[in-house]
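A.B. asks: could you work out the structure for the sequence below:
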Amino acid sequence: MADLKNRLGEETSPYLHQHRDNPVAWQPWDPQALDAARSGGRPILLSIGYSACHWCHVMAHESFEDPAVAEVMNRLFVNIKVDREERPDLDHIYQAAHQMLTGRPGGWPLTMFLTPDGTPFFGGTYFPREARYGLPAFADLCVRIADAYRTRRADIDRQNASLVAALGETLPRPGADASLDAVPLVAARKALLQNLDRRFGGFGGAPKFPHPTDIGFLLRLGDEASLDAALLTLTRMAQGGIHDQVGGGFCRYSVDERWEIPHFEKMLYDNGPLLALYAEAWRVSGDAEHAAVAAGIADWVMREMQSPGGGYWSSMDADSDGEEGRFYVWDREEVRRLLDAAEWRIVESFWGLDEPPNFEGRHWHLRVAAALPEGASALLESARRKLFEARERRIRPGRDEKILASWNALMIAGMARAARLLERPEWLASARRALDFLRAEMWRDGRLLAAWKDGRARYDAYLDDYAFLLAALLETLQGDFRPADLEWAVELAETLLARFEDRENGGFFFTAHDHEALIHRPKPGFDSAMPSGNGVAATSLQRLGWLLAEPRYLDAARRALMLFRPQLEQQPAGAGALLEALGDALVPPSMVVLRGPAKDVADWRQRLAEEWPGIALALPNGLPLPTALNKPESAAVNAWVCSGVACLAPVEDFGKLRGIKLVPEFYARLPTRVLLPPTSEET
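C.D. replies: Coordinates of the predicted model:
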């Protein structure tokens, strides 16, 4: 054990590189490290985090950089450091294990103690160097854990067997009833509206996370109460400090119920779905502020998060110059000096600078605190530009410049959808650059890789990578149809079925059938900070199945919904992605295929995008098409309108197309017992 050295310098993860100079003999999760634990009979100390995580930095500075703490760790454990963004499979397992062992939700840094076979027997999150906050000193804890491992192996072995069995019990089981109904949709709506913060928006109290899938679910409902809840939440979030009032984009979450003070890391995976939501909110409400927020997100992403090669980088750190939020917060007098008198008069009250400092008792973090006076928009924008230019001269937060397939797919989908709704072709061009990067750098011999950094694509992709990318392709196809993109979508769908589907019980495992064997193989259905891979896979397979008349895709989506039906009935809130798939299964979205001269079909597509949320493909004459989409060419636009497998005769007049009831009454307007009978295969 004494000859183990810190090997993180050989890795590509920026998070692991943050720890490559620690005196801790950190190992990556790989066969060499696991063999060292098994051959030496030493327990594993597993630390999982990510580069933008504030408390990960705190624990690193306090403990992992301390030679005395490192000596204890190196003497007692094989120490493994994992980037949760590169290895979400490990994070899924050990976060669930932490919940079981402690009875509390986990977080980052996640600190788990494992037997050499990878089974956890003790865990926590942040531990301080000295005892405080009711937590033990980390080095003392390490000594106690190692002693327990040495003296209480029989107890640990019994606990481990129970834990592995309990993890197995978390896998969903299909119910006896072979029908689907709208009961979970109605129940989810009721739960969200009951939990709505009617003053500040969002659901529940502090801390508050955006939960884009819940907001999107309410937006799709279409009834007044649901729309009001979604728009209230989006408006209050945009006014809060979770929204970067100067540079655009959203931080990960707010520590208070008012959305005022965030943890300052900015994550790509939040901002992609939020971009789509604010564009959709503009379509529904006509509120120009929602469009402005969407533009701020897109501008931030293209300015600060898109690599020269086209892919989107992962995140911006919470800390800069050793302090959380230092890049973003202001001194009141600094703002006054930067602005002229007219600008200051506007922003002093608008951004709350006339109130006591709201960050650590000495700084101001900007949020909308008062109404903007009529006619003051130009002054506000002038002030914003000056603050932005001044802020750009500060020491910037670190940026995690690895490229993740799943997170890129979420941003590609958001960019493509917002581009279509707000007529911003440059956003679609940005999405296409990222999509082309993924195909060129992270698609190898019919398989997707999960992460890319410094010219190296690594790790066999997970369910989320495939499902989110399939959804992103369905969005970009609506903005600018490229036959090669449809072909890729079919390849992704086929891979989902071949490598991830559980043909016996339904649904999709998080890891592929030939993935590294771990202590558990999850099949997640509920949303986390990101949408459920099973939900997105089911939605995307249904939509591709209807477009291409491919029953295998529809059957796989239905099997997934049947698997999760009991869970949806018991706990519908928090499963927005699955609920979207269920809603589509009950009332398939309208799909319009437009065929005709290129300029005319593009015009029809844009006019449709402004009026309804369904799926529209513009197929210019001369474009080679698959059989299922091969509509005849014509001198004027023809529109084929379908809902599921039912299609109408082609329409040649846009006024008549608008007269068709393209969007059926949905979700909350459905009877509580709308049943879909079992398929012939199931009977």
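
A.B. asks: all the helices of the stretch 551-683 of the chain, residue numbers only.
C.D. replies: Assigned by DSSP state H, counting those that start in this stretch, the helices in the stretch 551-683 of the chain fall at 551-570, 576-586, 598-609, 654-659.

A.B. asks: quick one, which of those helices is nearest to residue 311?
C.D. replies: When the helices of the stretch 551-683 of the chain are compared by Cβ to Cβ, helix 576-586 sits nearest residue 311, at 23.7 Å. Placement of C-beta: from N, CA and C, glycine included.

A.B. asks: now residue 421: phi and psi?
C.D. replies: Backbone torsions of residue 421, given as degrees, to the nearest 10, read phi -70, psi -40.

A.B. asks: sorry, wrong one. I was asking about residue 447.
C.D. replies: phi -130, psi 150.

A.B. asks: then the one 10 residues further on?
C.D. replies: Main-chain torsions, residue 457, degrees, to the nearest 10: phi -100, psi 130.

A.B. asks: ok, now residue 240?
C.D. replies: Torsion angles, degrees, to the nearest 10, at residue 240: phi -90, psi 180.

A.B. asks: can we start the residue count at 49 from this point?
C.D. replies: With 49 as the first residue, the last one maps to residue 288.

A.B. asks: got a pLDDT number for it?
C.D. replies: Per-residue confidence (pLDDT) for residue 288: 98.

A.B. asks: contact partners for it?
C.D. replies: 248, 302, 306-308, 415-416 (Cβ atoms under 8 Å, 6 or more residues apart in numbering).

A.B. asks: what's the closest non-adjacent residue to it?
C.D. replies: Distance criterion Cβ to Cβ, 6 or more residues apart in numbering; nearest residue to residue 288, sequence neighbours excluded, is residue 307 at 2.8 Å.

A.B. asks: check the one you found and give its pLDDT.
C.D. replies: 98.

A.B. asks: burial count for it?
C.D. replies: 28 (other Cβ atoms under 10 Å).

A.B. asks: A helix includes it, no?
C.D. replies: No. Assessed with DSSP: H, G, I helix; E, B strand; the rest coil, residue 307 is coil; it does not lie in a helix.

A.B. asks: thought it was touching residue 281?
C.D. replies: No. Counting by Cβ atoms under 8 Å, residue 307 does not reach residue 281; the two are 9.2 Å apart.

A.B. asks: shared neighbours of the two, anything?
C.D. replies: 249-250.

A.B. asks: and the pLDDT for the residue at minimal distance from the centre of the chain?
C.D. replies: The residue lying closest to the centre of the chain (Cα atoms, centre = their mean) is residue 578, at 3.0 Å. Residue 578 is assigned 95 on the pLDDT scale.

A.B. asks: ok, residue 50 next?
C.D. replies: Confidence score, pLDDT, at residue 50: 50.

A.B. asks: which residue ranges make up each domain of the chain?
C.D. replies: 56-217, 231-365+450-634, 376-442, 638-711 (automatic domain parsing).

A.B. asks: any stretches of this protein with poor pLDDT?
C.D. replies: 49-50, 709-731 (pLDDT under 70).

A.B. asks: one more time with 80, if that's ok
C.D. replies: 49-51, 224-226, 659-662, 693, 709-731 (pLDDT under 80).

A.B. asks: where along the stretch 349-498 of the chain do the helices fall?
C.D. replies: 380-386, 389-398, 425-439, 453-470, 473-489.

A.B. asks: nearest to residue 634, out of these?
C.D. replies: helix 453-470 (22.6 Å).

A.B. asks: just the element for the residue nearest to the centre of the chain, please.
C.D. replies: Of the helices and strands defined by DSSP states H and E, none includes residue 578.

A.B. asks: pretty sure it sits against residue 317.
C.D. replies: Yes. When contacts are counted by Cβ under 8 Å, residue 578 is listed as touching residue 317 (5.2 Å).

A.B. asks: who touches both of the two?
C.D. replies: 454, 458.

A.B. asks: circling back to that earlier point, quick one: residues contacting the residue nearest to the centre of the chain.
C.D. replies: With contacts defined as Cβ under 8 Å, 6+ apart, residue 578 is in contact with 317, 454, 458, 512.

A.B. asks: also residue 309?
C.D. replies: By Cβ under 8 Å, 6+ apart, the residues touching residue 309 are 289, 302-303, 406-407, 413.

A.B. asks: of those residues, just say which sits nearest to residue 349.
C.D. replies: The closest of these, once distances to residue 349 are taken by Cβ to Cβ, is residue 289, at 19.6 Å.

A.B. asks: can you tell me the closest non-neighbouring residue to the closest one?
C.D. replies: Using Cβ to Cβ, 6+ apart, the closest residue to residue 289 is residue 415 (4.2 Å).

A.B. asks: so which of the domains of the chain is the most surrounded?
C.D. replies: domain 231-365+450-634 (a mean of 21; mean count of other Cβ atoms under 10 Å).

A.B. asks: ends of it, how far apart?
C.D. replies: 11 Å (Cα to Cα, to the nearest Å).

A.B. asks: how near is residue 486 to residue 362?
C.D. replies: From residue 486 over to residue 362 the distance is 14 Å, taken as Cβ to Cβ, to the nearest Å.

A.B. asks: torsion angles phi and psi at the nearest residue to residue 287 once chain neighbours are set aside?
C.D. replies: Spatial nearest neighbour of residue 287, excluding adjacent residues (Cβ to Cβ, 6+ apart): residue 416 at 3.7 Å. When read as degrees, to the nearest 10, the backbone of residue 416 gives phi -80, psi 110.

A.B. asks: residue contacts, residue 416?
C.D. replies: 286-288, 293, 398-400.

A.B. asks: of these, closest to residue 663?
C.D. replies: residue 286 (27.5 Å).

A.B. asks: isn't the closest one right up against residue 336?
C.D. replies: No. Taking Cβ under 8 Å as the definition, residue 286 is not a contact partner of residue 336, at 11.8 Å.

A.B. asks: I'd assumed residue 132 was in contact with residue 96.
C.D. replies: Yes. With contacts defined as Cβ under 8 Å, residue 96 counts as touching residue 132 at a distance of 4.9 Å.
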